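> Sequence plus the predicted model coming up.
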Amino acid sequence: MAVEHRNLHNEIKEKLQDDIMQDALSRFADQYPGARLKSYENVESIDALRDRLRDMKLYTADHIEKVADDFEAQIKARGGQVYRAKDGDDLKQCLLKICQENHVQRIVKSKSMATEEIHLNKFLEAQEVDGQKLHVRETDLGEWMLAVAGQKPSHMVMPAIHLNRQQCAKFFSKELHEEIPSDIPFMIQTARRILREEFMTADMGITGANFGIAENGAIGLVTNEGNARLVTTLPRVHVVIMGYEKLIPKIEDAAKIVRLLPRNGTCQRMTSYMTMVDGPTVVMQKENGKWVESKRKQYVILLDNGRLKAAHDPKMKQAFQCVRCASCLNVCPIWTLVGGHVYGHIYSGGIGAILTGLLGNMEAFGQFSDLCIGCRKCVSICPGKVPIPDLIDELRARYVKQYGMAFPEKIAFRKILTNRGIFHKLLRIGSMAQAPVKSGKFIRHLPLFFAGMTKGRSLPAISDNPVRDRISRLAKNNPSNPVMTAAFFAGCNIDFVFPDTGESVIKVLQDLNIAVVFPEAQSCCGKPALGMGDRESGKAVAKQNIEAFEKAGADVIISTCPTCAETLEKTYAELFQDDAEWRTRAELFGAKVREFTSFVAEQYEKAGRLKPTPGGEKITYHDSCHMRRGLGVWEQPRKLLQAAKGLEFVEMKNCDKCCGMAGAFGMKYSDISLPLLNEKLTNIKNTGATTVAVACPACMMQIGGGLDQQMPNVKIKHVADILAERL
Amino acid sequence: MEKVCQNWPGEAFDDTLVNPNSWKEFEENAKAAAAEIYRLPDMKAAKAKVEELLQELEVNKTVAVGGDEYPALAKLFSDLKAEGKEIYTDKFEIAEEVPTADLGISTAEFCIGETGSLCVDNYSYEARVTSMMPITNLVFVNANYTTKDVDTAFQVISKVFDKGYMGFVTGPSRTADIERVLSLGVHGPNRLIIFAMESGLERGSN
């Protein structure tokens, strides 16, 4: 499939300057989480419902041929016809034949993502049947407006969310050739009048399906406007176009979808209409001035387009768990800033990258998959529990395998990152080379085209005195009769950027009567390479680290960076799935890894040191994405802060929303990173806290840099620093 | 009238799944979805309320289904006709008149507490156009037939859903496609009025 050449940075800039869209998206992002939760208030356990949906969809993916065969047999038994289309072209030819056989002139459609995926409307409108050009109309209000405007939907559920009423009125005026005022009720009634005419004169109705039931051949349609009911009632031919992933085995399985889809999609306990159509139904038509009844013709086309391959892929089959509610977009910190259009394809956001890749367009995947920052917010609410960032990682690795890496990254990872000696030497050179732009611990301005990186935030300077150079001095304070030995995995940021925090970590551990060792052969955890899909470099550094810590022989391995901790604990073992020896070594290594705050909270609890103390200076806490949703750690750092003397803990709004750093993302997409940072700074400011605590060095870099330039009166501290100050 | 099931209470209901227990939750959720609900003791009260509505809504033309299943509805429709109201109940007449009708009267099988939904059996063409095309839809349902949640509703449905056309209706037709402002009646009715009958809505012997 051809991929147009795009300047993504320019497109992003344009969207960030679109005030109408920015206003709509920010209000929506603000209201959505609360409204969603309210719709679930009368449900016992959201999680249990999500598990149930995931299990059912996975079961279906595992038995997809059988389920599809049953579905087909049931429809045929009721008089419907079933076609299986291997791709978009196949489907278009099949549909054209159906139009010709039934002398179809006019078509009404209700929303169907599968038809958008293959650009069906454009094809149909160019076709002639019986010498007449086909007339095709979308009937979902938003889709209809966008079709008139020649625009693409920006959201799966709210296609026109980027527009305001004045813009909508313009499209109405254009379609009707008359001036339509921007009065919403008037526009709604106008749409009703025009589209009613379309329904009543259409020969064919095309719908998608939210589910297709193998047990009885019914398809389910979940809508609010009711257009799908008219599309399936008034025309004499009904064509269902659906992907294989919409199939479900049993009638009762539909409940597993409809208890979640409306709540997550539109924050409703149920949409206005949930309609199930099973086999051909009666239609009435006027013939020679007299009403006559006949059976409507029903066709169901199952679209493959890469889906069956995905169903058989042990990892990617998880994409089948998606029910297209689009809630992942609603909570995505990037999507809610840039909207759907910059993704450039039908499916936007993280799930969009995955679907686009699976549906055979890996090049397009490569173009916009890095707009997912892996914050896992989507995973925490997805009704089908699709592990979106993990699937993106998997596809990235496959992309790199297929297309290779860009040259600079290749050099950076394969030649530098995997060679600790060179890597650390370069960091030391960097600490000297930054001298001209450095001021104290920060780089506040960069020249020329690097300037964007220091707009609104300072960058931390690389230390000339990393943890590894301090360790011989610090180790002298190790307890003589320790309860255990901890090996400290510092990670690049703590070692070379925040070595003072590294020192705090060692002090806190020593205070717990723990001896600390620092295996000097340790290197980067490998996440930068792994995040770009370079598993070979990832494996190389994993082996170096595993070996280094095996030699240290400590009882636990402590990490102060949640991203490192997650990589060491989980990713290493996954990397060596096909290598029994290294998998075992990675598992043993991973089992020892402990994130600093959760480990210390546990020790403090045992020692009776985790009791809340009376307040004092206000302090708030920012949850790192990887800490909260990757490691599931959020209570422990709060308990530590509440127990720390002289502090009054206060929560900030959206405490677990990404600060905009997200690894290299914050540098590569500094235009997006900055508004995220500013939102975070505003939320910190509103708490009145004088200190913001973090437990992640990357967040400390981003928020600290922002505070330095914009709110210098507020300090940022790692939890380790706060604890060390109180020893 | 063609239906997915000709006798829902007989073939699909049992007391553990369908009972009056979830009325309160149904009422609350249906109202939250902008449905208007009248819980009525009998058909006499229903008739009075219908007459009131016809006046209030300035209804000129009504299309109505359900008379062949519920004798009380058949009587209501014929009484209204006898009083000079323009009301169509024959399926071909409905097809002819529905584009210009201002009120559609239809029926539902049971109510769902969790969501405030009505479970409707709309296999017949006339039931579908009656409930969807006029700007107001008045739905009769037995107030004693409620299910706790969507799971129990589907347990009921799966007993009888072999073919046809059915589903849930939850409040009027709505859209939020322009500025996320809730707007009713974009394609279907902008008012969904539910008459929940405590008695009188018994099925005929057919």
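Here it is on my side, so go on. Numbers count the residues shown, from 1 in each chain, chains lettered A, B, ... in the order given.

> Regarding B:Asn137, what is its secondary structure?
For B:Asn137, the assignment made with DSSP: H, G, I helix; E, B strand; the rest coil gives strand.

> And the average pLDDT for the helix or strand harbouring B:Val129 is what?
In this assignment (DSSP states H and E), B:Val129 forms part of helix B:125-132. Helix B:125-132 shows a mean pLDDT of 98 in the predicted model.

> Do you have the strands of the stretch 401-550 of chain A handy? List them.
Secondary structure of the stretch 401-550 of chain A (DSSP state E, counting those that start in this stretch): strands located at A:438-439, A:442-443, A:459-460, A:484-489, A:514-517.

> Buried ones in the helix holding B:Val129, by neighbour count?
Using 16 or more other Cβ atoms under 10 Å in any protein chain shown as the test for burial, helix B:125-132 gives B:125-132. Any C-beta I mention is one placed from the backbone N, CA and C, and that applies to glycine too.

> Report the secondary structure state of B:Glu96.
Going by three-state DSSP: B:Glu96 is helix.

> List the contacts of it.
A:291, B:88 (Cβ atoms under 8 Å, 6 or more residues apart in numbering or on different chains).

> So for it, what's the pLDDT?
For B:Glu96, pLDDT reads 97.

> returning to what we had before: take the buried residues of helix B:125-132 and lay them out in a markdown table including distance to A:Leu647.
Below are the buried residues of helix B:125-132 laid out as a markdown table (distance: Cβ to Cβ, whole Å):
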| residue | distance to A:Leu647 |
| --- | --- |
| B:Tyr125 | 70 |
| B:Glu126 | 71 |
| B:Ala127 | 66 |
| B:Arg128 | 64 |
| B:Val129 | 67 |
| B:Thr130 | 66 |
| B:Ser131 | 61 |
| B:Met132 | 61 |
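
> A:Gly440: which of the residues you listed is nearest?
The closest of these to A:Gly440 turns out to be B:Met132 (Cβ to Cβ; 69.4 Å).

> And for that closest one, nearest residue in space, chain neighbours not counted?
B:Gly188 (4.7 Å; Cβ to Cβ, 6 or more residues apart in numbering or on different chains).

> and the longest helix seen in chain B, what other elements does it pack with?
Across chain B, the longest stretch assigned as helix under DSSP state H is helix B:43-56. Packing partners of helix B:43-56 (3 or more Cβ pairs under 8 Å, 6 or more residues apart in numbering or on different chains; DSSP states H and E): strand B:36-40, helix B:71-82, strand B:103-107, strand B:136-142, strand B:191-197.

> try 7 Å this time
In terms of contacts (3 or more Cβ pairs under 7 Å, 6 or more residues apart in numbering or on different chains; DSSP states H and E), helix B:43-56 is packed against strand B:36-40, helix B:71-82, strand B:191-197.

> Quick check: mean pLDDT of the first one?
In this model, strand B:36-40 has a mean pLDDT of 98.

> between it and helix B:43-56, how big is the angle?
Interaxial angle, strand B:36-40 versus helix B:43-56 (axes from the mean of the first three to the mean of the last three Cα atoms, to 10 degrees): 150 degrees.

> is strand B:36-40 anywhere near chain A?
No: against chain A, strand B:36-40 shows no contacts by Cβ under 7 Å from any Cβ of the partner chain, the least distance being 14.2 Å.

> Please enumerate residues in contact with whichever strand or helix holds A:Thr356?
Per DSSP H and E, A:Thr356 falls inside helix A:349-358. Contact with helix A:349-358 is made by A:306, A:310, A:316, A:319, A:322, A:328-329, A:332, A:335, A:343, A:345, A:347, A:364-365, A:368-369, A:372, A:378, A:386, A:388-389, A:391-392, A:395, as judged by Cβ atoms under 7 Å, 6 or more residues apart in numbering or on different chains.

> Narrow those to those in helices?
Reading helices off the contacts of helix A:349-358 with DSSP H, I get A:310, A:328-329, A:335, A:364-365, A:368, A:378, A:388-389, A:391-392, A:395.

> Out of those residues, flag the one nearest to chain B.
Among those, A:Leu329 lies closest to chain B (Cβ to the nearest Cβ), at 14.3 Å.

> Tell me, how many residues neighbour that closest one?
29 (other Cβ atoms under 10 Å in any protein chain shown).

> just A:Gly34 next, same as before
Counted by other Cβ under 10 Å, the residues lying close to A:Gly34 total 9.

> Phi, psi for it please.
Note on A:Gly34: backbone dihedrals following degrees, to the nearest 10 are phi -70, psi -40.

> quick one on the thing from earlier: now do the buried residues in the longest helix of chain B.
B:43, B:45-47, B:50, B:53-54.

> Turn those into a markdown table, columns for distance to B:Pro99 and pLDDT.
Formatted as a markdown table, those follow (distance: Cβ to Cβ, whole Å; pLDDT from 0 to 100):
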| residue | distance to B:Pro99 | pLDDT |
| --- | --- | --- |
| B:Met43 | 29 | 96 |
| B:Ala45 | 31 | 97 |
| B:Ala46 | 27 | 97 |
| B:Lys47 | 27 | 97 |
| B:Val50 | 22 | 97 |
| B:Leu53 | 21 | 97 |
| B:Leu54 | 19 | 97 |
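
> can you put those in CSV and add distance to A:Glu520?
CSV is the format used below for those (distance: Cβ to Cβ, whole Å):
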residue, distance to A:Glu520
B:Met43, 89
B:Ala45, 87
B:Ala46, 86
B:Lys47, 91
B:Val50, 87
B:Leu53, 84
B:Leu54, 89
